[in-house]
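Engineer: what shape does this take:
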Amino acid sequence: LGGFVSPPPEEGLSARVWLDCNYSQIGLAMSRSIGDHAVKKIGVIAEPEISIHELRDEDDFMIIATDGVWEFVSSQQAVDIVAKDLENGLGSSVACQHLIEAAAAMWHENEGDYRDDITALVVKVKELWKNE
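Structural biologist: Residues are numbered from 1 along each chain as shown. Take a look at the predicted model:
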């Protein structure tokens, strides 16, 4: 079993992998596949986008999330959702769940029944070095 790849429909859009050769079933948008140089000619980027942030004493948490979260939720909105839950002692799992629920609600509001993958991780960075 395998998929069928269609090239990007226009400049700036992603290639897609489809379940069927007619491109009528579910299609996975692919613009990056870390380390996969074999599909470069159809627009898949093998080099990840990397940003570096040196942790400081004032950093409380870090949010790592897929584009499905960031499509309709701004960075500040995400920080506000997570910070409120952490300040209320609800923990990072609950904060993460509330962020995912907020993103899903925004997808529903803007796109109806369709939504992209929504995956998120909240890391309380101060607890990483708690015992040092």
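Engineer: could you check how far the most centrally placed residue in the chain is from residue 88?
Structural biologist: Closest to where the C-alpha atoms of the chain average out (C-alpha atoms, centre = their mean) is residue 66, at 0.4 Å. Noted for residue 66: a distance of 26 Å to residue 88, by C-beta to C-beta, to the nearest Å. To be clear about C-beta, it is placed using only N, CA and C from the backbone, and glycine gets the same treatment.
Engineer: and residue 82, by the same measure?
Structural biologist: 11 Å.
Engineer: quick one: which of the two has more around it?
Structural biologist: Remark: of residue 82 and residue 88, residue 82 carries more neighbours, 24 against 10, as counted by other C-beta atoms under 10 Å.
Engineer: surely that one is in a helix?
Structural biologist: Yes. Counting by DSSP: H, G, I helix; E, B strand; the rest coil, residue 82 is located in a helix.
Engineer: how about the contacts made by the residue nearest to residue 61 when sequence neighbours are not counted?
Structural biologist: Spatial nearest neighbour of residue 61, excluding adjacent residues (C-beta to C-beta, 6 or more residues apart in numbering): residue 124 at 5.1 Å. Applying C-beta atoms under 8 Å, 6 or more residues apart in numbering, we find residue 124 in contact with 60-61, 86, 92.
Engineer: ok, now how distant is the closest residue to residue 60 other than its chain neighbours from residue 57?
Structural biologist: In space, and not counting its chain neighbours, residue 60 is closest to residue 126: 6.1 Å by C-beta to C-beta, 6+ apart. Residue 126 sits 9 Å away from residue 57, going by C-beta to C-beta.
Engineer: more neighbours: the two, which one.
Structural biologist: More crowded of residue 126 and residue 57, by other C-beta under 10 Å: residue 126, with 13 against 6.
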